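# Sequence first, then the predicted structure, then my questions.
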Amino acid sequence: MKVLIETIKNRKGYKHFKDEDAMNDYLSKHSDSIANYEILNEYDVAIDETNEVLQSFIDDCDLMEKKLFWLFRQHEPINEKYSLKLINASGRMNDAKNAIKKCLR
């Protein structure tokens, strides 16, 4: 579980606990320095993790798009059979990247 904790010195930070008992132990031990705390929805944590994975996919798509385009440039003068397929694949990676970006908005 993810908890936002504010200290008496107005510092804020997130603390992760494996369960409610661990959180209660921590809060009781540090009660003299904690001004406020808020238990965050577990769904928010899942969204954060999903967004990180999606951003990683965007980076992967970008790299793959560049590699495919580079390969297209290498094979273009040699074999037209490869060049059209490679440029199409590069375009599809760009489409995938843009679709994933829409998910993050």
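Cool, got the structure.

# I'd like the next helix or strand past the helix or strand encompassing residue 38.
Mapping residue 38 onto the secondary structure by DSSP states H and E places it in strand 34-39. The element immediately downstream of strand 34-39 (helix or strand, assigned by DSSP H and E) is helix 42-75.

# Can you give me the distance of residue 94 to residue 70?
Going from residue 94 to residue 70 by Cβ to Cβ, to the nearest Å gives 14 Å. All C-beta atoms are positioned from the backbone trio N, CA, C, and that covers glycine.

# Which strands or helices does the lowest-mean-pLDDT helix or strand in the chain pack on?
In the chain, no helix or strand scores lower on mean pLDDT, DSSP states H and E than helix 42-75, which sits at a mean of 82. The contact analysis (3 or more Cβ pairs under 8 Å, 6 or more residues apart in numbering; DSSP states H and E) places helix 42-75 against strand 2-7, helix 80-104.

# quick one, which of residue 94 and residue 70 is more surrounded?
Comparing residue 94 with residue 70 by neighbour count (other Cβ atoms under 10 Å), the higher total belongs to residue 94, at 16 against 12.

# check contacts around the more buried one.
For residue 94, the contacting residues are 61, 65, taking Cβ atoms under 8 Å, 6 or more residues apart in numbering as the criterion.

# Touching, residue 12 and residue 3? I think so.
No. Contact status for residue 12 versus residue 3: not in contact, 11.0 Å apart, counting by Cβ atoms under 8 Å.
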